[in-house]
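**Student:** any chance you could fold what I've pasted below:
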Amino acid sequence: MGRPKAFLPWSGGTFLSSAIRALNAYADMVIVVAGHNADQIRPIVDAQAGFLVVNENPERGQFSSLQVGLQEVLNRGRDAAIATLIDRPPARRETIALLQQEFLARVGSDSWAVVPEFDGHHGHPFVVGREMITRFLDAPASSNAREVEHANQQKIAYVAVADPFVTMNIDTPEDYQRLISLETPITR
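**Tutor:** Here you go, the predicted structure:
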C-alpha cells in the first residue's frame, strides 16, 4: 500500500481514527495495540481519546496483538470487549450497536461471543465476554483467532448484518480504490 493501512483516509480521518470514534460511542474505553509503529499511531489514538498499549513482540503476529489487547481489557477491570482490526474500514455504527445489543441480550446464556456475518463470511468487530477472552489468552502463541473461534464455535452467536465493511480486507491500492468507489464514507 505504500503506507500503513491504518492511516488510509476515511470518513474525515483515517481507518484508525474512524474506528476509534465509532467504538467510543459503544465502549467506555478504546484500547489500541501497536507494535513498532507505536510512535506513529500514538498521536491519532491520543487525539481520539483512546488508550495505546504496545505489543513488545509484534513479530509473533496479529494474534499476539489480540492477546495483548485482551489482557489489557482484563487488567483494566473489564469483562467484555469489542475487538476489531485497524487496517480496514470500520464497521458502521448501526452494526456495532446491533452486535453490542445482541451480546448484551445473551449475557448469562451459553454464548461467549457475538460475531458479525456478511454474505456467509464472518468478520469484525466481534464482541467477546470473559469466557472467550480467557480462551484467546490461554491459546498457544502459534494459534490464530480463527482457530480459537472454531474450537469454541458452539459458544458463539453469528449475527447477520447488512454491512460489507465487516468482511472487507484492503490489501492493495486497487482494493482501496474499489472501496472508495463502492460507497462514500458517512461522517461518523
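
**Student:** contacts and neighbour counts: CA atoms only from here.
**Tutor:** Noted.

**Student:** now for A113: which residues touch it?
**Tutor:** Remark: with contacts taken as CA atoms under 8 Å, 6 or more residues apart in numbering, A113 is in contact with 103, 126-129, 132, 155-157.

**Student:** again, 7 Å this time
**Tutor:** With contact taken as CA atoms under 7 Å, 6 or more residues apart in numbering, A113 is in contact with 103, 127-129, 132, 155-157.

**Student:** got the residues you listed as JSON lines, with neighbour count and pLDDT columns?
**Tutor:** Below are these laid out as JSON lines (neighbours: other CA atoms under 10 Å; pLDDT from 0 to 100):
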{"residue": "F103", "neighbour count": "25", "pLDDT": "97"}
{"residue": "V127", "neighbour count": "25", "pLDDT": "97"}
{"residue": "V128", "neighbour count": "24", "pLDDT": "97"}
{"residue": "G129", "neighbour count": "19", "pLDDT": "96"}
{"residue": "M132", "neighbour count": "22", "pLDDT": "97"}
{"residue": "K155", "neighbour count": "17", "pLDDT": "96"}
{"residue": "I156", "neighbour count": "19", "pLDDT": "96"}
{"residue": "A157", "neighbour count": "20", "pLDDT": "96"}
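
**Student:** give the other helices and strands that the helix or strand of the chain with the lowest mean pLDDT contacts.
**Tutor:** Averaged element by element with mean pLDDT, DSSP states H and E, the chain has its least confident helix or strand at helix 173-182 (a mean of 88). Taking 3 or more CA pairs under 7 Å, 6 or more residues apart in numbering; DSSP states H and E as the contact definition, helix 173-182 has no neighbouring helices or strands.
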